[in-house]
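1. generate a structure from the sequence data that follows.
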Amino acid sequence: MSESQGSREFDVIVWGATGFTGTLVAEYLLRQYGVGGSLRWAIAGRSQEKLDGLRESLGVKGGDLKTIVADSFDRDALDALAQRTRVVLTTVGPYALYGSDLVQACVEAGTHYCDLAGEVQWIRKMIDQHHERAQQTGARIVHCCGFDSVPMDIGVWFLQEEAQKRFGQYCKSITLLVKATKGAASGGTIASMMNLIEESRKDRAIARILVDPYSLNPAGERQGPDRRDQQNVAYQDNAESWTAPFVMAGVNTKVVRRSHALAGYPYGKDFQYQEAVMTGQGVTGWLKGATMTLGIGGLVLGASFAPTRKLLQRFVLPEPGEGPDRKLQESGFFNLMQIGVLPNGTLLQSRITGDQDPGYGSTSKMLSECAVCLAKDELAVGGGVWTPASAMGGPLLERLQKNAGLTFEIRD
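-> From the prediction side, this is the model:
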């Protein structure tokens, strides 16, 4: 911790606290850490009225929470906000539209930062613009701190640590397979996806960033053995199952590769990583995979053209600020499997689970623990634009399992 950070008023400020996910974060932090205890935190947003409403909804325990009013495009206000805290946790997306000034404010103030961004084109822009300056100021900037991409990124770190302990070597490849999930997308996630598709249609350079497997690697290191993420139904021999494309692989796989690059390629420069959704065996498994593939393709195609995009947004997709209700959040879950292959062909498998819906109930807990980890734990890295695993590794793994309802375990 820098001297200036140690004297700051807050450990964490939750930016966008009155939004759908921001409210879940505030509820979790209050439940887990209280107010005025070991964690000094505050809520922030554009409207004092809404902040007061949130504080009231949190009950007696939330009455002492401090509030901060600022706007995403008021740079002076964002600078002042960043200088008051050790970490800014933000849920305000699409980040490509509303997030850039806040990142810059945190970088200049030497303030750590975490978000839920899954917008590869914007993350690449933040890396290119701010990595070197963040190294100078000591600000740790960590994107993708929700379901994309914490379970996958920390999962690879966990499996490789276990491979080293058990076999004295790392896996040469890892495949993550989604076995089962239950949950629903919110309007905020959909809005980010729509903006990403719209930007890529307007700018082919952005489209190339989205499909390049190594586009988030450090400059000069954007190459390797992996090809584009899975696009069609494919049979996974090691799992004995048909698989379909995973809609979030386009973010997760790039984050995992950046983690590996930032660590200095400990698994070897020929390390490969991919993700897919398990759909089962036989004809039934293939048909399920084909149906999922067509569904994803149809959604992307429909969102690629302005007239059909507007129809989807008006009649099919949820609005920003909407999301699954409390019952669905609490009854949701995710169950992931990782299959690592060692150089001699030996398989090492792990299981990753979450106890609430992946997109919101579980994501809000993951994001919160990332912020607390950045604020409180002794971490091995200094400033820069990091990933969850490269910045927080073991300390975050411990927090996720202790507090956030995640499990990481080896399947013998």
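
2. next structured bit after the helix or strand A77 falls within?
-> Using DSSP states H and E, A77 falls within helix 75-83. Scanning forward in sequence from helix 75-83 by DSSP H and E, the next helix or strand is strand 85-90.

3. let's see the next helix or strand after that next one as PDB, backbone CA atoms only.
-> With elements assigned by DSSP H and E, the helix or strand that comes after strand 85-90 is helix 95-98. This file holds the C-alpha atoms of helix 95-98, laid out as PDB (Å, rounded to 0.1, in the frame of the first residue of the first chain):
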ATOM      1  CA  TYR A  95     -18.100   0.600 -19.900                       C
ATOM      2  CA  ALA A  96     -17.200   1.700 -23.400                       C
ATOM      3  CA  LEU A  97     -19.800   4.500 -23.000                       C
ATOM      4  CA  TYR A  98     -19.500   5.400 -19.400                       C
END
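
4. what helix or strand does the residue of the chain most remote from its centre sit in?
-> Most distant from the centre of the chain: V283, at 34.1 Å, with distances by Cα atoms, centre = their mean. Assigned by DSSP H and E, V283 belongs to helix 282-303.

5. how far does that helix sit from the chain's center?
-> Computed by Cα atoms, centre = their mean, to the nearest Å, the separation of helix 282-303 from the middle of its chain amounts to 24 Å.

6. packing partners of it?
-> helix 187-202, strand 241-244, strand 272-280, helix 306-311 (3 or more Cβ pairs under 8 Å, 6 or more residues apart in numbering; DSSP states H and E). Every C-beta, even on glycine, is put in place using the N, C-alpha and C of the backbone.

7. spatially central residue in this protein, please.
-> By Cα atoms, centre = their mean, the chain has its centre lying nearest to C144, at 2.5 Å.

8. show me what contacts that residue?
-> 115-118, 123, 150, 153, 251-252, 255, 387-388 (Cβ atoms under 8 Å, 6 or more residues apart in numbering).

9. just give me the neighbour total for D212.
-> 16 (other Cβ atoms under 10 Å).

10. now for the nearest residue to it once chain neighbours are set aside: which residues touch it?
-> Excluding the flanking residues, the one nearest D212 by Cβ to Cβ, 6 or more residues apart in numbering is R222, at 6.9 Å. By Cβ under 8 Å, 6+ apart, the contact set of R222 is 212, 214-215.

11. weakest of the helices and strands packed on helix 282-303 by average pLDDT?
-> Across these, helix 306-311 has the smallest mean pLDDT, namely a mean of 64.

12. got the contact list for the helix or strand that that helix is followed by?
-> Next helix or strand after helix 306-311 toward the C-terminus (DSSP H and E): helix 326-331. Residues outside helix 326-331 that contact it (Cβ under 8 Å, 6+ apart): 24, 182-184, 356-357, 360-361.

13. farthest-separated two in those residues?
-> L24 and K182 (16.8 Å; Cβ to Cβ).
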